[in-house]
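Trainee: Predicted model, plus sequence, below.
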Amino acid sequence: MSQQAADAIRDTSAPGPSESPGTADRPTDRAPDAPEEVRRAVGLMADRARTASRALARADRDWKDRGLHAIAASLDARRAQVIAANREDVAREREAGMGGALLDRLRLDDARVDALIAALRELAGLPDPVGTVVRGQTLPNGLRLRQVHVPMGVVGAIYEARPNVTVDIAGLALKSGNAVLLRGGSAAAATNRALLHLIRDALHGVGLPADAVQSVDEYGREGANALMAARGKVDVLIPRGGRSLIQAVVRNATVPVIETGEGNVHIFLDESASAETAVPILLNAKTQRPSVCNTVETLLIHHRCPAAPAVLRELSRAGVRLHADERARAIAGDVPTVPATEEDWATEYMDLDLAVAVVDDLDAALEHIRRWSTGHTEAILTNHLANAERFIAEVDSAAVIVNASTRFTDGGQLGLGAEVGISTQKMHARGPMGLRELTTTKWIVQGDGHVRS
C-alpha cells in the first residue's frame, strides 16, 4: 500500500497489485474505529451537510448555476494563492519521496486551473438532472405516477493527492443538489485548504449554504475512519485513487460505497490494424498522462500484426519501458525491453511502463482481458468490423473503445462536464459518474381521494 493511500485511510491489510489475495481481501464487519470526539465532530459535519442538502434540493437550476460560476470566478481570482499552496504541497511530498506519477496528479498549474474553471462553466451549461422524469403514466384508476431524479443527499468522497477532485466533486455535487464531505489526504493539504475556502466563500456569496462543501481533513486518518462509519448520516461514499485506497474503503466502510477507478486497461492490436493509426493512439494512451486510471497498462498484439514493430519502437523512443513476453521481445528486435512476469499482467503502473504480450488471435486476447481486467476500459485497434463488433459484445468493462485512445474514458471528454470518478461496478452507476449518476429516483403518486380496494 502506498504511503499516500495510507495517509488517506489507515489500512494495514490492503494487498498491493503484486500480492496474492487472501484473508486480507475478506470484508470486515465495520469501519476502523475513530475516537469518540472525532466521530462526534464528523457526525455534526454530516448533520450540517444534511441541512445544506435540503436547501440545495429546493434550489432551482439558475441558483445552482450562479454558484458554479461564482466558484469558477473565485478560482480564477485566487489562482496565484492556490498554485502557491500547491507548490508547497509538491515540494514537501517530493522531499518525502513521492513518486513521479503521484506528483503529477498532485500538481496544479495555470493550465490545470484553467481546465477546472472550464469544467465548472461547462457544468453550469448542462441540464439539471434533478426533477427530470424517468417514466410516468396515468393508471386506469386515475392515479398519476412519475418516477423522477432526486439528489442522493450527503455524499462522502475519499481520495489521495488529487486536488482537482476537490473542485470536480464540489461542482458536481452542487449542480446535482447534493452536499459533500471530503477527505483529500495530507499530501494535498495546503491546496485543498485553499480550494475549500474559496468554494465555501463563493457559495455563501450567492446565498447557497457553505456547508454544502466540507472537509474532514483536519481530523486526518481518523476523520476518514469516522466518515466510513457514518452510516445513516452519509448516503453514499465514493473512493477515488489507487487500488489500496479503493479496496480499503470497500472492505471497511459501513456507508454504501460506489467502487471506482482502478484501471488495468488493455489495448488489443488486431492483425488488421495499421501503424499509421496505431502508433499515435498508443502514444496518446500511454504517454499523454501516464498517472491516471484511463492510461493503457497492457498491450496485446496479434502475432501477425505488421504494425507491431513500429508501435513498440515508437513507444520506446517516447520513454516507455516495455515489459514484454518472449514473443513480444522477438518482435521488438533491438528495441529495449525487460522480461514480463506474471505480476505485470495485474499491475496498474500509472507510469511510463507497459506490459506487452503477443496472442494468437482475438479469442486469446479476450481470454487475457477476462482474466486480468479490472473492468475499467478496454480498446481494440482494428480494420475488421466483425472483430470490432465481437470485442464490443464480449468485453465486460465500463467502457469499450474501438480505434481510439483509452484516454477518452473521462467525464469531461464524454460531455459530462466533469466526473466524481469512474465506476467499475455494475449497480447504480457504471463508467464516468457525472451529474445524473449523483442522483437517485423517487416515485410520486398523485390521486383524488383514491383508496385501494
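Mentor: Sure thing, it's come through.
Trainee: Secondary structure class of the closest residue to N141 other than its chain neighbours, three-state.
Mentor: Ranked by C-beta to C-beta, 6 or more residues apart in numbering and with sequence neighbours excluded, the top spatial neighbour of N141 is H450, at 6.5 Å. Yep, even glycine has a C-beta here, placed from its N, CA and C like the rest. On the three-state scheme (DSSP: H, G, I helix; E, B strand; the rest coil), H450 is labelled coil.
Trainee: what's H450 in contact with, if anything?
Mentor: Residues in contact with H450, defined by C-beta atoms under 8 Å, 6 or more residues apart in numbering, are N141, G142, L143.
Trainee: Any regions of the stretch 351-453 of the chain where pLDDT drops low?
Mentor: Under the criterion of pLDDT under 70, none of the stretch 351-453 of the chain is flagged as low confidence.
Trainee: can you check the stretch 151-300 of the chain too?
Mentor: Filtered on pLDDT under 70, the stretch 151-300 of the chain yields the residue ranges 261.
Trainee: if you set the cut-off to 80 instead, what comes out?
Mentor: Counting by pLDDT under 80, the low-confidence segments of the stretch 151-300 of the chain come to 241-243, 261-262.
Trainee: Please enumerate the strands of it.
Mentor: Taking DSSP state E, counting those that start in this stretch as the criterion, the stretch 151-300 of the chain contains strands spanning 154-159, 179-183, 213-215, 236-240, 265-269, 296-302.
Trainee: For those, give me JSON lines that also has mean neighbour count and distance to L68.
Mentor: Supplementary listing: these in JSON lines, determined by neighbours: other C-beta atoms under 10 Å; distance: least, C-beta to C-beta, whole Å:
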{"stretch": "strand 154-159", "mean neighbour count": "28", "distance to L68": "17"}
{"stretch": "strand 179-183", "mean neighbour count": "28", "distance to L68": "14"}
{"stretch": "strand 213-215", "mean neighbour count": "23", "distance to L68": "12"}
{"stretch": "strand 236-240", "mean neighbour count": "26", "distance to L68": "20"}
{"stretch": "strand 265-269", "mean neighbour count": "27", "distance to L68": "31"}
{"stretch": "strand 296-302", "mean neighbour count": "27", "distance to L68": "33"}
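Trainee: Dump those strands to CSV, plus distance to A77.
Mentor: As requested, these are exported to CSV (distance: least, C-beta to C-beta, whole Å):
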stretch, distance to A77
strand 154-159, 25
strand 179-183, 22
strand 213-215, 18
strand 236-240, 27
strand 265-269, 37
strand 296-302, 38
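Trainee: So for I117, which of those sits nearest?
Mentor: Using C-beta to C-beta as the measure, strand 213-215 is the one of these that comes nearest I117, at 16.7 Å.
Trainee: Going by contacts, tell me the helices and strands next to the closest one.
Mentor: Counting contacts by 3 or more C-beta pairs under 8 Å, 6 or more residues apart in numbering; DSSP states H and E, the secondary-structure elements packed against strand 213-215 are helix 36-58, helix 163-175, strand 179-183, helix 189-205.
Trainee: Dump these into CSV; add distance to T298 as well.
Mentor: Shown next, in CSV, are the helices and strands packed on strand 213-215 (distance: least, C-beta to C-beta, whole Å):
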stretch, distance to T298
helix 36-58, 40
helix 163-175, 26
strand 179-183, 31
helix 189-205, 32
